[in-house]
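*Asks:* 3D model of this:
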Amino acid sequence: MTVSAMGRLVGVVLILSAGAARADWEPLDSFDESGLYAIYDHLVPGAKNQLLSLISERGNGNRPVVIRSLDLKTGKSAIVDRTDGVDGGGIALTPNGRVVYVGNHYSNGWFFFVRVGSPDDPTSFHTALDYQGPEQESTYAEGVGSHAGMIFAVGGQTKTGMTGTSAWLVMKSSDDGETWSRSDFLPSDRPAIAHAIAFTPTGAIVVGGRIYDSELNAWRGFFRRSADGGNTWQTVHETVDQGRYTNITEIVGAADGTLYALQMINDLTSARSYLLISKDDGLTWTESPIQPQNTFDAMLGLAVDPVSGDLFASGWWHDGAPGRWRTRKSTDGGMTWSIEDDAEGAAMSLLATPSGDLVAAGFNGQQAVLRHLVR
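*Replies:* Residues are numbered from 1 along each chain as shown. Okay, here's the model as predicted:
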């Protein structure tokens, strides 16, 4: 995914627990095709030992997006697809094992862009959707997920030439990503953008993002939920006032059905991250209280370790110096956190694979970089 960077009861603040032992994180892979600014944006597990990644080459004038495969056992890698002139989004696997990439491209406004193909056949990749709203609205894709034969892509729609009019948008496909239709759409009386998506054991779909509060001139975290396969949606939670720019960057589920969501708050002069927890299938959420900070401490990726059940969060931190890559771990359901990995650069996402691998993705200033937990 391309991340747009960036509650009230029991606190679940990302704090450090003193004296915790670090896990052993090591470099896994790097990518620098053009010698320019490259970032690992998003990861998804492929077949067997395969890891599929979305890489944005931000320093290249053509703004290419690369989909790359990596065998976690052999280290063998290959470029699966490359598209110029696009940005952002995320990747997922379709019900039939194909890759679906969602992003954006510009041509007299932004278009919601979807590409699909087989990771084993690069020639199979093709554009399945290049969508702009019916009145030439700029339309953005922020993330994508697949579950129970359906694919859902989330984002927003903004009237071209106007500001503050973004409308929450969820698109869906039931034919392996070939055709798409609107699943959820909120008119722009309150601007909102969907960013992250998760699926619960009961089949509910939970989407998180941000919604604008005109009285506060600020964005709040925002959740909507569907219990019928995306046919109808309900607003289930809006976070309390916490900062100028708030966004739900990731939602993941644990084996016991608990949902965890990362909320990033950016006040321009400081940034901080909080965990939200739902134990009732995404219907209600507990929020952490405000904890003022003078540093940037932004967690963007979240994962539940399939081996231990521990929570991991990855992102970046700085305090007037070059940023640092940080991965943190919580063994108590998000109440306290220890630093587990500290390296040059910034982590953008985190993935726990079905086979038990934990991989963090990001960049070190120029190269796209992967780091993983060595057990």
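
*Asks:* Excluding sequence neighbours, find me the nearest residue to residue 96.
*Replies:* residue 176 (5.2 Å; C-beta to C-beta, 6 or more residues apart in numbering). Placement of C-beta: from N, CA and C, glycine included.

*Asks:* Give me the three-state assignment for residue 133.
*Replies:* Recorded secondary structure, residue 133: coil (DSSP: H, G, I helix; E, B strand; the rest coil).

*Asks:* Could you tell me how many residues sit around it?
*Replies:* 18 (other C-beta atoms under 10 Å).

*Asks:* What does the pLDDT read for the closest residue to it other than its chain neighbours?
*Replies:* Leaving aside its sequence neighbours, residue 133 sits nearest to residue 157 (C-beta to C-beta, 6+ apart; 4.9 Å). Looking at residue 157, its pLDDT is 86.

*Asks:* What is the neighbour count of residue 157?
*Replies:* 25.

*Asks:* likewise residue 106?
*Replies:* Residues contacting residue 106 under the criterion other C-beta under 10 Å number 12.

*Asks:* wait, what's in contact with residue 128?
*Replies:* For residue 128, the contacting residues are 100, 114, 115, 116, 173, 177, 178, 179, 180, by C-beta atoms under 8 Å, 6 or more residues apart in numbering.

*Asks:* Wait, the fifth one touches residue 150, no?
*Replies:* Yes. Assessed by C-beta atoms under 8 Å, residue 173 is found in contact with residue 150 at 7.1 Å.

*Asks:* more crowded one of those two?
*Replies:* residue 173 (25 against 18).

*Asks:* Quick check: the gap between that one and residue 326.
*Replies:* 36 Å (C-beta to C-beta, to the nearest Å).

*Asks:* And for residue 123?
*Replies:* Distance from residue 123 to residue 326, by C-beta to C-beta: 40 Å.

*Asks:* likewise residue 122?
*Replies:* 35 Å.

*Asks:* Looking only at neighbour counts, state which of these two leads.
*Replies:* residue 326 (24 against 15).

*Asks:* hey, what's the more buried one bridged with?
*Replies:* With beta bridges defined as DSSP bridges, residue 326 has these partners: residue 315, residue 342.

*Asks:* can you pull the contacts of it?
*Replies:* Going by C-beta under 8 Å, 6+ apart, residue 326 touches 297, 299, 314, 315, 316, 317, 339, 341, 342, 347.

*Asks:* Grab the two from the residues you listed that are most spread out in space.
*Replies:* 297 and 341 (14.7 Å; C-beta to C-beta).

*Asks:* For the stretch 151-300 of the chain, give me the ranges with low pLDDT.
*Replies:* Applying pLDDT under 70 to the stretch 151-300 of the chain flags residues 159-165, 188, 241-243, 268-269, 288-296.

*Asks:* ok so, going back, helix, strand or coil for the residue nearest to residue 96?
*Replies:* Under three-state DSSP, residue 176 comes out as coil.

*Asks:* ok, it touching residue 93?
*Replies:* No. The criterion here is C-beta under 8 Å, and residue 176 misses it with residue 93 at 10.3 Å.

*Asks:* ok now do the residue nearest to residue 96, which residues does it touch?
*Replies:* With C-beta under 8 Å, 6+ apart, residue 176 has these contacts: 94, 95, 96, 98, 116, 151.

*Asks:* Identify the bridge partners of the last one.
*Replies:* Under the criterion DSSP bridges, residue 151 forms beta bridges with residue 146, residue 173.

*Asks:* Extract the CA atoms of the particular helix or strand that has residue 197 in it and return them as PDB.
*Replies:* Secondary-structure assignment from DSSP states H and E places residue 197 in strand 192-199. As requested, the backbone C-alpha atoms of strand 192-199 are provided in PDB (Å, rounded to 0.1, in the frame of the first residue of the first chain):
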ATOM      1  CA  ALA A 192     -13.700  10.900   4.000                       C
ATOM      2  CA  ILE A 193     -11.200   8.400   2.500                       C
ATOM      3  CA  ALA A 194     -11.000   4.700   3.100                       C
ATOM      4  CA  HIS A 195      -7.500   3.300   3.600                       C
ATOM      5  CA  ALA A 196      -7.300  -0.200   5.300                       C
ATOM      6  CA  ILE A 197      -9.400  -3.300   5.100                       C
ATOM      7  CA  ALA A 198      -9.700  -6.500   7.100                       C
ATOM      8  CA  PHE A 199     -12.000  -9.600   7.300                       C
END
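
*Asks:* need the next SSE after that strand, C-terminal direction.
*Replies:* Downstream of strand 192-199 (by DSSP H and E), the next one is strand 205-213.
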